[in-house]
Every structure is written in C-alpha cells, then in structure tokens.
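# here is a sequence with its predicted model. Questions after.
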Amino acid sequence: MNSRRLLALVSKESLQIVRDPSAILIAFVLPVLLLFLFAYAVSLDIRQVHLGVVLQSDSARAQSLAADFSGTPYFRVVPVRHRKEVTPLLVSGELKGYVLIPADFDRRLFRGDPLIQVITDGTQPNTANFVAGYTRGVLVNWLSDHGLQAPIRLDARFWFNPEVETRKFLVPGAIAIIMTMIGTLLTALVVAREWERGTMEALLSTPARIPEILLGKLLPYFGLGLVATMGSTLLAIHIFDVPLRGSWAALLLVSSCFLVPALGQGLVISALARNQFIAAQAALFSGFLPAFLLSGFLFEIDAMPAPIRWLTHIVPARYFIESLHSVFLVGDVWSLLLQDMFAMLGLGTVMFVIARVKTRKSLE
Amino acid sequence: MTAIVLENLSKTFGKTLALQDISGQIAAGRLTGLVGPDGAGKTTLIRMMAGLLGPDEGSLRVAGLDPVTQGSALAESVGYMPQRFGLYEDLTVLENLRLYAELRGLARADYRHTLDRLLEFTRLGPFTDRLAGRLSGGMKQKLGLACSLVTTPDVLLLDEPGVGVDPVSRQDLWRMVQALTGEGMAVIWATAYLEEAEQCEDVLLLNEGQLRFAGRPKELTSRLEGRCFSLCGSSDKRALLAQVLTAPGVRDGTIEGDRIRVVMDAGCPAPDIESVNAVIPVSPRFEDAFIDLLGGGPGGQSPLADQMPEVASMGDVVSCQNLTRRFGDFVAADSVIFRVRSGEILGLLGPNGAGKSTTFKMLCGLLKPSSGEAIVAGKDLSRFATDAKLRLGYMAQKFSLYGLLSVRQNLAFYAGVYGLRGREKKERIRQMVDGLQLDSLLDSAPDQLSLGFKQRLALACALMHRPPILFLDEPTSGVDPITRREFWTHINGLVAKGVTVLVTTHFMDEAEYCDRVALMHRGRIIALDSPDRLKARAGQGASMEQAFIHLIEAEPDE
C-alpha cells in the first residue's frame, strides 16, 4: 500500500463525485425525496375508515352506541338500515367493514350474549385488524360509560412510540435504504463506469495495486455515506419530529459499521458486472430490495416464514435498521448495538474477501 | 537492443483463437507498427505486453521482465495508452496529468519540470483547466499520450492512437512519437491503417491471429517492385476496373481517383486492354504487399448487382441547402450545401466529430435539421420523410443487425419492414442470399459472424427494397483490405446499374473510390471536388491525407 498513490486516487474520486450530478442526486436529493415519501405518503396509520353501521334496533341504547361509532375520528360512519344494503358496498370496496347492531340488542345486553357483529374486508388485512380492534374499543368504552360490566377489559399501551405513529418508525428505516443506495448502488456504478470508459485498463497498467484502487474508491464513498446520514438525521429530527434518544456518536458508529458491508457488496457487484446497466440491476436486486423487504423496515421479521427469517440474517440492513430504531427511539442500548455492529462487520468482511478474490489485476 | 521478446505466444478466448504461435522481437529506440485489420489480435498482443492479459502458451519478456510474474515492476517501465486513451473526462487536463504522475510515482523534484515539458510537447499548455471530456479527439489523444509518458518508460504501447482523429493531429502525434524513439524508447503503435505501417521503422503484420510478416516495411514492399502500375483509361473507371480484374495475371486492382491501380503476378506484364491509354509504373505500397501476402484480391464481378434492375436516371437525387444542426450551442453541421447526381458516388470525408454522421442522419430523415432544407429522391424531407425513406437504403455504422435473430430472420425482418410479402419476399431474400453468398450462414447469429460477413448481411438488409439511393455510414472501417475490396465491388456494380451512393469514411484511401469527395471539418464542408483534383491542390503526387492536411491548414483557426 503506497499512501501517495492512495491519496491521488482518493482525491481523483472525490473530484469526480463533486462534479458528477448523478452522485449528488443519489446522495442528497434522493434522501430528501425518500424521507418525505416515507414520512407523509406511506402511512400505516388508519384514519377516517369508511364503516357501515347497520342499526336494526330502535332502542335508545342501541342508538347511543351507533352514535359513539360516529363520534370517533377513526371512522366515517355510513348508517344503513338493512343488512342487504350494506353487502354490495362492502364488495365494491366503499366500506372497509360494517357493524351490525341486532334487533334484540337490549335483550342480549341483559343476557350477556355477544352484542354486536363486526364484518371486515379481509382482502386488506391491515385495515381489517384496525377495524376489528377499534370497533371493540368503541364498544368497551360505551359499556363502561353506561356503567355496564364489559365482557373483557382491553387496555393497550404502546411503548417507545406512544402515539403508534409509523412515521417515527419509518424515517429511521429510510436512512438505511438511503445508505444502501449510496454504498452499494453508487459504488457498483462508478467502478462499472471505469470499465466502460476504458479508464480501468489505464489504471491497471500503472503501478497502482488492486487494494489501492479499491480503497481509493471506497474512502470517498464512505465519507459521502456518513455525510448523507447526518443530513438525513437532521431532516428526521427537525422536519419530521423523530426523536433522537441516543447519541450522535452511536449513530455515526453504527452507520460506519453498516457502510462496510454495503460498500463491499458494491465492490463484489462491480467485480462481476462491467457495464453500468447490469451493475445497477444487480445493486437493486441484491441491495435495495432486500433492504426494503427483508430488513424489518416494512414487514416484521418475526411474522415471516422460517426460511425467509433465516435469510434475513445475511441482510446487513436488518442489523442496521434494528440499531437505528434503537438509537432513535430508545437510546444507546450498547448490548444490542454491539451485537448488530459485530454482525455488520462480519458480513462486510465476507464481502471484501469475495471482492478481493474476484477483482484481479487483469482483463480476463 | 531488444526491448520485447515474444516466444510462441498463443491465446484463445472461448472458441476464438486470438493469437496463434507468435514469435518475434521488438527493438529499443525504434518505432514498431503492430499492423492488421480489426480482429487480427493487435489489442490482445498489446495487452499482454502491458501485463493485463496472460498468454495461454508461450512466454514474453518486456524490458527484461516477465509480465506474468513481475507485473508490478513492469508497470514502472511500460507506458500504455489504451484505445480510448484512458482519460477521466470529468477531470481537467492538469488533473489527469497529476493523477497519472502520482500513480506512476513521479519524483516531487521533477514535477513542475516534467509537467511543463509534457504540456509544451503536446501543445496543451493553454488548455490545462479544460475538462478532458471537452477536448477534441486529437487533443484527447495527445493528453492520453502525455499521461503514459509522465515517467519516461522504456517501452511505450499505443493501441490504435490514430483512429478517428483528424489528419493534422495524427501528423503531430507521429512527430512526437518519432522524437521519443530518438531517446531510446521502444514505441509500439497498433493500427488498422495500412498506410501508417509504411511510416513505421519495423512492422509486425498480423492477420487472424497469425504473424504474417516481421521486418522493415520496405522489405515487404520491395518484393512487389516492378509489379505495380497505374492505368489511365478512356472508359468509365468502374467498368475499367471490372475489366482489369478479369484480365490474366492480375493480382489486385483498385480505383485511385480517375485511375486504376493494378498489381500483377510476379513475371506478368501490365494487362493489355484496349481502352487503356497509358500504363505508368508506380512504386508498391504496403497495402499492395499485404494483399499479395494474403494471396491476391477478389474478382471484379458482383453477383448481387447483376440481379438488380437498372435504375432510371433522375438528375439530382439529393440536394441540401444550408443544412444546419445544432446541439445546444454546439454546431454539429454548419450550412452544409451539396448536390448528388444520379448514379454518382459522393464521399463525406473527415475525422470523428466533423459532422459527417449528423449530415447523414438528417438526409435519411433520422434527425431534424435546425435550419435549411434537404430534398432526397425528389421529396422534401421536412414534409415527406416517410416517402423518402422508402426510396433510400441506409447502412448504419456498426451495422444495425439483431444479434439474437439468425441471419435468415434478420433478412426476413428487413424484407417485412419494407412491406414485402409472400412470393416476392421469398424471391427477394433468395436473391440477396445468392448474390452475397450467405447460404451457408443462414442459421447462424450475426454476432458470431466475422466483420466481413456482418457487413455483407447489413448490405443485404439495406438493399432489400431495391432503393435507388444508398447511404453508407463508415461501411468498412477496420475491415481487412480484401473484404473492403469485395464490398466495393458490390457497390461499384450497383452504381453501374444507376444506384446513387453516399458514403462517409475516415479512411483516406476509401475516398479514392468516390466520384466526388466532400471534406468535412468542424461541421463545415471545406472542399468538394473529385479526388484527383483535391490531391492536385496539395501539389504533385500528394496523397489524400496530405490534401486534407493542406486544406485544413488553409482554414482560419477557431
């Protein structure tokens, strides 16, 4: 390793980053877009769900329960008289579910029989669960307001994200997606570009060695990745009101650890693909999609089938997202962070070994 | 002193044999040409010398080192300029130079002195802050050369440095390289231009992976002394060439302006043809010798053209008035004016970026002019582009063939595109296959074909609808000289039937086949005349290249 050559390669790469609009776009504009997208457009919270209320009883009690359904911000109630009228609305998707208050509501109340029937649209399981849960909540509240014994008492409390706002959960996750883009996609693209433009051939004919060439690529993108993380974090804290309960030091440390496998993966791709199109495809399929789908960012890992769950262990983003959630929403839980950092560095080492073996100083 | 020793080198890529049992020596302090058509193995050999590829068999020593085992030491004594110069287009001239100076470990004390010397040597001094991507082809090439020279290497490897660069820059580069050999450097210059070979001190001539000749170019051409003649005829030059090629004892024949150049078999006198007025003995050229080495040129008959119907004469077939195309603030074609008569071959000659392809694309209706008008086959392109397109055949650079379709499917596709159906379609495809001898290849994929066969197939596709006008964009660049002769035999045959041909090229000798040549430089036509008259402007016995240089130098600077 010759420090003079390395320095020359690093400064060349940095100049190229500064002058290349696509690098700036991916490192700074894309994060802002993604953060806004995940903060505002993608929301797993339910509000104003269209709910049918079939009121078959004329009793005062039944009517007051129906009024309670209308009173919550979560539902927009469509009152219906007959069950027949409500079915087509549910089929057409205008309603996400309905509540049936039967004609013998008062009698059931005294006998302790099931009071109401809730039908939900199972094609949208997430919404269906919310409808079921909230309607039960409305019923329990109504019972206690009327001094009646509720059949079951429900008392849900959510830790760490008390308002259960998905934004606070998604924004830190989005940082992991952005870092994957910078680490894997950009690295794979810039190396492929050197092959395409024939500059790699010229580099290889100089005394520069493979580790110098690779490191000369990585260091600038490592820096770029950290700068993008800091930018995204500032946006998250000040624009999207996500708390940062842990420390900046911990955040930068886990980010650095994540960049190792992310950049390594970019290098492996670039060692195998020598044109930008294939490199971009490979980076999207092997980097971006797993970071999106298999990292616990959108879908809970515990809810996945066992083989997929095992697969998530080799997705570096999984550990990063876990650490980010912890640093943002809980604090510096070092026992967890150290475990994750160790896993990320391990995966990174594997990537670098593959990259080193696959990149040879020849054109064959 | 010997700089490079090659011993029984062989290399295969998959099934293709790139190099076959190459042995030879390259001397220090001399300019050695590595000459051969595309696919001859030049790049493979040069990459081996640079330590970027290892041989399958055999061994080599470059500057006393084995590139396979002593790669890092080799990198310090070899300068290498790859085909695309290896420049970073988003770095400036100075930044590129600095990068390579650092990578090659130029001593700090020599820094300023060396960079100043290189900038002066390449005359890039005024452009140090310009991005490499904004340089002209010739300047890029000089910068590429400078980058491989930051430390003085023992061996300098240049892979096709002359391709697509204007002749003035090419001349500059020759001068620079010759200055280097004076300092004891071994310079290897790979090229597909055979006329460049003549300027080298030594030559390694490659064809299809085999070394066909090693030595001084004079040695090769002297074998043909007394066998080359220039014929002046009273009849049409294309008809005369066809006649000459069928005469006994003729080894090779080409059109050279208004004359025919002919190479005879050893011991045969110049052909005795009635319409020939004068037979002038001429000195042999490297290309003559190469053809002779490969067993002589092809015959003069085109079975393809024989099947084509006569095309009625139409007066001016193409005419353009002040045709201009801008890309942003860059003027790619600037007020281009010319007319092409029916049954004529007009050549657009110029380096890369001169505006040839842009002009061509406007005439074929592929690109809208920014201003000016073009009339092709009597149709105004701005209004009747589709009608005009049916009357013209276009053979694109790199031959627009579908690599995943077989030869047969490519032909059927193009026949279908031009609206041929049923019996007529079958008949037409059969004619093309017979005329161009494609029958043994019908089921192979175009990607597996040699450059020559690809070229034939592309010609068949462009002629499927029997257009009276044919546009050829760089049809034979990099193709070996025999295939080039075969191609021009077909074109000459078509022109004899009345087809009008427009051709772009940066091969100077290809311009000799044209009736008239338009020299393009920086988007403008700087001269338009017959090849003989253009050459005469640069003085007695001047070559096309010299004529071009003469005309460019007469142009006012930027």
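That came through, no problem.
# next, count neighbours for the residue nearest to A:Y134 when sequence neighbours are not counted.
Excluding the flanking residues, the one nearest A:Y134 by Cβ to Cβ, 6 or more residues apart in numbering or on different chains is A:Y74, at 5.1 Å. All C-beta spots, glycine's among them, are computed from the backbone N, C-alpha and C. The number of residues packed near A:Y74 is 18, by other Cβ atoms under 10 Å in any protein chain shown.
# could you report the distance from B:M362 to B:G86?
For B:M362, the distance to B:G86 equals 33 Å [Cβ to Cβ, to the nearest Å].
# tell me the pLDDT at the residue nearest to A:Y134?
Looking at A:Y74, its pLDDT stands at 79.
# which parts of the stretch 201-350 of chain A sit against chain B?
Within reach of chain B by Cβ under 8 Å from any Cβ of the partner chain, the stretch 201-350 of chain A has these residues: A:E201, A:A202, A:L203, A:L204, A:S205, A:T206, A:P207, A:A208, A:R209.
# shouldn't B:V336 be in contact with B:G355?
Yes. The pair B:V336 and B:G355 qualifies as a contact (Cβ atoms under 8 Å) at a distance of 7.4 Å.
# between the two, which contacts overlap?
Residues touching both B:V336 and B:G355 (Cβ atoms under 8 Å, 6 or more residues apart in numbering or on different chains): B:R524.
# and what about B:C320, helix, strand or coil?
Secondary structure state of B:C320, per DSSP: H, G, I helix; E, B strand; the rest coil, is strand.
# name the SS class of the closest residue to it other than its chain neighbours, please.
Closest residue to B:C320 apart from its sequence neighbours, by Cβ to Cβ, 6+ apart: B:A374 at 4.4 Å. Look at B:A374: counting by three-state DSSP, its state is strand.
# contact partners for B:A374?
Contacts for B:A374 (Cβ under 8 Å, 6+ apart) come out as B:V318, B:S319, B:C320, B:Q321, B:L323, B:M362, B:L363, B:D380, B:L381, B:S382.
# in JSON lines: the residues you listed, plus neighbour count.
Listed next are the contacts of B:A374 as JSON lines, based on neighbours: other Cβ atoms under 10 Å in any protein chain shown:
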{"residue": "B:V318", "neighbour count": "23"}
{"residue": "B:S319", "neighbour count": "18"}
{"residue": "B:C320", "neighbour count": "23"}
{"residue": "B:Q321", "neighbour count": "15"}
{"residue": "B:L323", "neighbour count": "24"}
{"residue": "B:M362", "neighbour count": "26"}
{"residue": "B:L363", "neighbour count": "27"}
{"residue": "B:D380", "neighbour count": "13"}
{"residue": "B:L381", "neighbour count": "23"}
{"residue": "B:S382", "neighbour count": "13"}
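# and B:A542, backbone torsions?
The phi and psi values for B:A542, taken as degrees, to the nearest 10, are phi -70, psi 150.
# quick check: beta-bridge partners of the closest residue to chain A within the stretch 151-300 of chain B?
Closest residue of the stretch 151-300 of chain B to chain A, Cβ to the nearest Cβ: B:L157 (8.2 Å). Note on B:L157: beta-bridge partners B:Y80, B:I188, judged by DSSP bridges.
# just the buried residues of the lowest-mean-pLDDT helix or strand in chain B, please?
When the helices and strands of chain B are scored by mean pLDDT, DSSP states H and E, helix B:381-390 comes last with a mean of 80. Across helix B:381-390, burial judged by 16 or more other Cβ atoms under 10 Å in any protein chain shown covers B:L381, B:F384, B:A385, B:A388, B:K389.
# and those residues, which is closest to chain A?
The closest of these to chain A turns out to be B:K389 (Cβ to the nearest Cβ; 30.2 Å).
# so how far is chain A from the closest residue to the closest one other than its chain neighbours?
Distances taken as Cβ to Cβ, 6+ apart place B:G365 nearest to B:K389, at 5.4 Å, with adjacent residues excluded. Counting by Cβ to the nearest Cβ, to the nearest Å, the gap from B:G365 to chain A is 29 Å.
# per-residue confidence, B:G365, what does it come out as?
B:G365 is given a pLDDT of 84.
# was I right about it contacting B:S382?
No. With contact defined as Cβ under 8 Å, B:G365 does not count as touching B:S382 (9.2 Å).
# quick check: domain ranges of chain B?
Here the domain parsing of chain B from automatic domain parsing is B:2-220, B:223-297, B:305-313+B:343-357+B:389-554.
# count of neighbours near the residue of chain B at minimum distance from chain A?
Nearest residue of chain B to chain A: B:G86, at 2.5 Å (Cβ to the nearest Cβ). Residues lying near B:G86 (other Cβ under 10 Å) number 26.
# that one - that's part of a helix, no?
No. Checked against three-state DSSP, B:G86 lies outside a helix; its state is coil.
# dump the residue contacts of it.
By Cβ under 8 Å, 6+ apart, the residues touching B:G86 are A:G198, A:T199, A:E201, A:A202, A:L203, A:S205, B:Y80, B:G144, B:C147, B:S148.
# and the first one, how far is that from B:Q70?
Read it as A:G198. Distance of A:G198 to B:Q70, given as Cβ to Cβ: 25 Å.
# in stretch B:274-289, what's buried?
Result for stretch B:274-289 [16+ other Cβ under 10 Å]: buried residues B:V276, B:P284, B:R285, B:F286, B:E287, B:D288, B:A289.
# go on, stretch B:326-333?
Applying a neighbour-count criterion of 16+ other Cβ under 10 Å, one finds B:V331, B:A332, B:A333 buried in stretch B:326-333.
# need these in JSON lines with distance to chain A, secondary structure and pLDDT, can you?
Formatted as JSON lines, the buried residues of stretch B:326-333 follow (distance: Cβ to the nearest Cβ, whole Å; DSSP: H, G, I helix; E, B strand; the rest coil; pLDDT from 0 to 100):
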{"residue": "B:V331", "distance to chain A": "25", "secondary structure": "strand", "pLDDT": "86"}
{"residue": "B:A332", "distance to chain A": "22", "secondary structure": "strand", "pLDDT": "87"}
{"residue": "B:A333", "distance to chain A": "26", "secondary structure": "strand", "pLDDT": "88"}
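# of those residues, just say which sits nearest to A:V99.
Closest approach to A:V99 among these (Cβ to Cβ): B:A332, at 70.9 Å.
# quick one: neighbours of A:S205, just the number.
Using other Cβ under 10 Å, A:S205 is surrounded by 27 other residues.
# need the pLDDT of it.
So, for A:S205, pLDDT stands at 87.
# look up the closest residue to it, ignoring the ones flanking it.
In space, A:S205 is closest to B:Y80, 3.9 Å off (Cβ to Cβ, 6+ apart).
# kindly report the same for B:G226.
Spatial nearest neighbour of B:G226, chain neighbours left out: B:P281 (6.9 Å); criterion: Cβ to Cβ, 6+ apart.
# one more: A:A62?
A:F105 (4.4 Å).
# distance check, that neighbour against A:E196.
A:F105 is 73 Å from A:E196, by Cβ to Cβ.
# repeat that for B:G233.
From B:G233 over to A:E196 the distance is 50 Å, taken as Cβ to Cβ.
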